[in-house]
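1. predicted model and sequence follow; I will ask about them next.
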Amino acid sequence: MFTLLYFFTCSNAQHFVACPVVFAKTQYYKGTDGNLTYDTIYAAHEKIDIPFYKQHFNCSYHLPETFTDTRFKDTTISVWNNDDLKKDFQNHWLYAYTYNGLSQLVNYSYSGCIICNNMAYNYSVQYDKEGRVQSITSNLNGNDRFRFYYNSKNEVSEVDCYAGTTLTTQIVMLK
């Protein structure tokens, strides 16, 4: 019975996880070959995309949940953290999102709150010819960079995190 159930749920050809998926995560430290760990995620009906990696691997807390929004084209929107507070940078902070003509997010930033210990960030998003997020690069220090690779099912199959030109973390979907 278990074998039949496993085959039924894992043979689903959709882009959603319906069976255990194994990931290899390597963290590289200065002067080492890296620390390799394996993680099996039992996530039913989750799309393996950038938010999936953010949730399951703490892949940069500031990555946005979505990279397209059809309400916005060739525009920048600004969102205050709390609409009830006075809109100034000494009392609270601002998020800004810039979209291109295809409604793709091309830049996102956060004004920061040094007193709150929340550092500012500003990232540019680059897309491949299929319109998928290819990389995200910090505009503030140029050090933080994320590179995404996709499989034939259009799932994110690998995430590489860089500090400058140095690969610091690599997460690869093995199945």
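-> Nice, I can see it.
2. low-confidence regions, this structure specifically.
-> Applying pLDDT under 70 to the chain picks out residues 1-18, 31, 85-92, 113-117, 142.
3. all helices of it, in order?
-> 2-10, 50-57 (DSSP state H).
4. please tell me how far the closest residue to F23 other than its chain neighbours sits from M173.
-> Nearest residue to F23, sequence neighbours excluded (Cβ to Cβ, 6 or more residues apart in numbering): D39, at 4.9 Å. C-betas here are computed from N, CA, C, even on glycine. Using Cβ to Cβ, to the nearest Å, one gets 10 Å for the distance from D39 to M173.
5. now do F52
-> According to Cβ to Cβ, F52 and M173 sit 10 Å apart.
6. quickly list what's touching both of the two.
-> Residues within reach of F52 and of M173 at once, by Cβ atoms under 8 Å, 6 or more residues apart in numbering, are V156.
7. which residues does the most centrally placed residue in the chain contact?
-> Taking Cα atoms, centre = their mean, the centroid of the chain lies closest to I50, which sits 3.9 Å from it. Contact analysis of I50 by Cβ under 8 Å, 6+ apart lists C59, L63, F67, V133, F148, V156, V159.
8. which one's more surrounded, D39 and M173?
-> Legend: neighbour count by other Cβ atoms under 10 Å for D39 and M173, higher for M173 (20 against 13).
9. going along the chain, name the strands of this protein.
-> Secondary structure of the chain (DSSP state E): strands at 16-17, 21-27, 35-41, 46-47, 75-80, 94-99, 105-110, 121-127, 133-138, 144-150, 156-163, 166-173.
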